[in-house]
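[1] here is my input, please return the structure:
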Amino acid sequence: MRRSVLAIGAHPDDIEIGCGGTLLRLIKKGYDVYLVIMTNGENWQCKTKNVRILEQEEASRYLLANHTFYLNCRDGYMQKDPVVIDQLSEIIEEVNPEIIFTHYHSDYHQDHQTTYQVTSASAKKRTLYLYESVTSKHFTPDTFYDISSEYNHKQHLIGLHHSQIVKYSQRNDSLYSRVSAYNIRHGLEIGVEYAEGFVTERARLDKLI
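    As a prediction, the model looks like this:
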């Protein structure tokens, strides 16, 4: 029986930034990977729906994701809507993932906060692994995954979201550098070159030993 993992992000690019390296390693270990994108990311200037979805589709192909679900919530205006909770609950039941990744609950971006709330309600008693975004606040991981072997591939994944690279460069900033900084920091915490960190919610020791 094949094992599956479900990664949930508010926008195209959130999953790749937060747990892209871990997903790349899990695929090599034989996991089936499924993605859920809550919004189309079209709310801000130079980020139309078509551009962002095309970028996500390219990233999904590079990840070798089995399927990408789009829930078409309104970017920037997400609500903890019972209809959306039911939609995500149905996906979780269909995929029956062994591992679920989603946003950390403390975040400056309202869509990231709401995605966590919807996921937590939809996943019920399942364990969640909460990943870091560039807008996360007070993120202190308790679980780490060595992504040193996949780091260059993760950087390539992020680059497939070209509109985001452009957005940061227009602000005299670099998305690559931001993500690299916390992957290096988490790597130092466990003695490797690069790592992704996660905060676990409802972790069950009896499932691990």
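[2] so which residues of this protein form helices?
    Taking DSSP state H as the test, the helices found in the chain are 14-28, 49-63, 82-95, 110-123, 151-159, 162-170, 175-190, 205-208.
[3] what ranges of this structure fall below the confidence cut-off?
    Scanning the chain for pLDDT under 70 picks out the ranges 1, 43-49, 208-209.
[4] distance to residue 41 and mean neighbour count added to the helices of the chain, as a markdown table?
    All C-beta atoms are positioned from the backbone trio N, CA, C, and that covers glycine. A markdown table is the format used below for the helices of the chain (distance: least, CB to CB, whole Å; neighbours: other CB atoms under 10 Å):
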| stretch | distance to residue 41 | mean neighbour count |
| --- | --- | --- |
| helix 14-28 | 9 | 25 |
| helix 49-63 | 4 | 18 |
| helix 82-95 | 16 | 16 |
| helix 110-123 | 9 | 22 |
| helix 151-159 | 14 | 18 |
| helix 162-170 | 8 | 15 |
| helix 175-190 | 14 | 16 |
| helix 205-208 | 34 | 6 |
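[5] may I see the ones you listed organised as TSV, with distance to residue 37 added?
    Shown next, in TSV, are the helices of the chain (distance: least, CB to CB, whole Å):
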stretch	distance to residue 37
helix 14-28	8
helix 49-63	6
helix 82-95	11
helix 110-123	10
helix 151-159	14
helix 162-170	14
helix 175-190	18
helix 205-208	27
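[6] got a list of contacts for stretch 180-194?
    Contact partners of stretch 180-194, identified using CB atoms under 8 Å, 6 or more residues apart in numbering, comprise 21, 132, 141, 144, 146-148, 151, 154-155, 195-197.
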